[in-house]
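> turn this into a structure:
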Amino acid sequence: MSPACSLNCTSEKLPDSKKKFAKCAVLPTLNATLHYTYDTSNSSLSVAFVAAPAASEGWTAWAINPTGTGMLGAQALLALKSKGSLLVKKYNLSSYASIQEVDKLAFDVWDLKVESGTSGKYVIYASLKVPDRVEKLNQVWQVGANVTNGQPQKHEMTNENLGSKAELQLVEKETAASPNGSPAPAPTAGTGTGTNSGSRRFADLSLGGFALIVASIVF
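Take a look at the predicted model:
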């Protein structure tokens, strides 16, 4: 069974019980999930990204790439432990040679925090501004085992790590009508999504390779 099928995001409990999200998606690698609500009235996306670091003192990260489909240009939220405290930082992944911690990403971010979840997982909460009338976003995510002097270190290069990239479909596609006027059967998908009520939906996740290779610090 693949990691994507071994999880059920609809039954996953978040440490902040006051946070409620309209949908959730089991991401195809790294045993990660994304809970999210897209608000079309103000073009905002609220998320909770859930994943375990590769080691107890490691790091996790989730990012949106507004300009491409891979690492370069990705705007990342990265959770790590520094001096015993769990923190979430912002990174602009603008180069393969280094990553840059920044105060502000390419889009506005608010309500940013991180909490410890079950089974050693980190839960990154955030709300972010997205383009008006956007229907899908390019997301990337990653986990690593080491943090040195408050900085994330290189992650593994397994198939799981290299496949941590997908489209996040925010607006559901309309079902085309069949020639006789009846709705056509809904397409099948391999990656499940759900709502807090437990109903099943499917996220449009287009997979691809995701190699993050930098000199000394790699996301």
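
> all helices for this protein, in order.
Ranges of helices in the chain, per DSSP state H, are 159-162.

> residue nearest the centroid of it?
Trp62 (4.4 Å; Cα atoms, centre = their mean).

> not counting residues beside it along the chain, what's closest to it?
Spatial nearest neighbour of Trp62, chain neighbours left out: Phe49 (3.8 Å); criterion: Cβ to Cβ, 6 or more residues apart in numbering. Just so you know, the C-beta spots here come from the backbone N, C-alpha and C atoms, and that holds for glycine as well.

> again, but for Ser56
That would be Gly120: by Cβ to Cβ, 6+ apart, it lies 6.4 Å from Ser56.

> again, but for Ala52
Using Cβ to Cβ, 6+ apart, the nearest residue to Ala52 is Lys121, at 4.5 Å.

> contacts only, for that neighbour.
The contact partners of Lys121, by Cβ atoms under 8 Å, 6 or more residues apart in numbering, come to 50-52.

> look up which residues are beta-bridged to the residue nearest to Trp62.
When assigned by DSSP bridges, Phe49 has beta-bridge partners Leu34, Ile124.

> show me where the protein dips below the pLDDT cut-off.
Scanning the chain for pLDDT under 70 picks out the ranges 1-7, 174-219.

> try 80 this time
1-8, 95-99, 154-157, 173-219 (pLDDT under 80).

> returning to what we had before: got the contact list for the residue nearest to the centre of the chain?
Contacts of Trp62 by Cβ under 8 Å, 6+ apart are 32, 34, 47, 49, 51, 76-77, 124, 139-141.

> now, of the residues you listed, which are buried?
Neighbour counting over the contacts of Trp62 (16 or more other Cβ atoms under 10 Å) leaves 32, 34, 47, 49, 51, 76-77, 124, 139-141 as the buried ones.

> which one of those is nearest to Glu160?
Closest to Glu160 out of the buried ones among the contacts of Trp62 is Ala32 (9.8 Å), distances taken as Cβ to Cβ.

> now the closest one, nearest residue through space, not along the chain?
Counting by Cβ to Cβ, 6+ apart, the residue nearest Ala32 is Ala51, at 3.8 Å.

> try Gly163
Spatial nearest neighbour of Gly163, excluding adjacent residues (Cβ to Cβ, 6+ apart): Thr29 at 4.6 Å.

> just checking, that neighbour touches Asn161?
Yes. Using Cβ atoms under 8 Å, Thr29 is in contact with Asn161, at 7.4 Å.

> the more surrounded of the two?
The residue with more neighbours, out of Thr29 and Asn161, is Thr29; 23 against 20, by other Cβ atoms under 10 Å.

> ok, now how distant is Glu135 from Glu101?
Going from Glu135 to Glu101 by Cβ to Cβ, to the nearest Å gives 31 Å.

> repeat that for Lys129.
Counting by Cβ to Cβ, the separation of Lys129 from Glu101 is 20 Å.

> ok, Arg133 next?
31 Å.

> more crowded one of those two?
For Arg133 versus Glu101, neighbours defined as other Cβ under 10 Å are more numerous around Glu101 (14 against 8).

> give the contact list for that one.
Neighbours of Glu101 in contact, by Cβ under 8 Å, 6+ apart: 89-91.

> please narrow those residues to those residing in strands.
Of these, the ones assigned to strands by DSSP state E are 89-91.

> tell me the gap between stretch 124-131 and the middle of its chain.
11 Å (Cα atoms, centre = their mean, to the nearest Å).

> that concludes my questions; thank you for your assistance.
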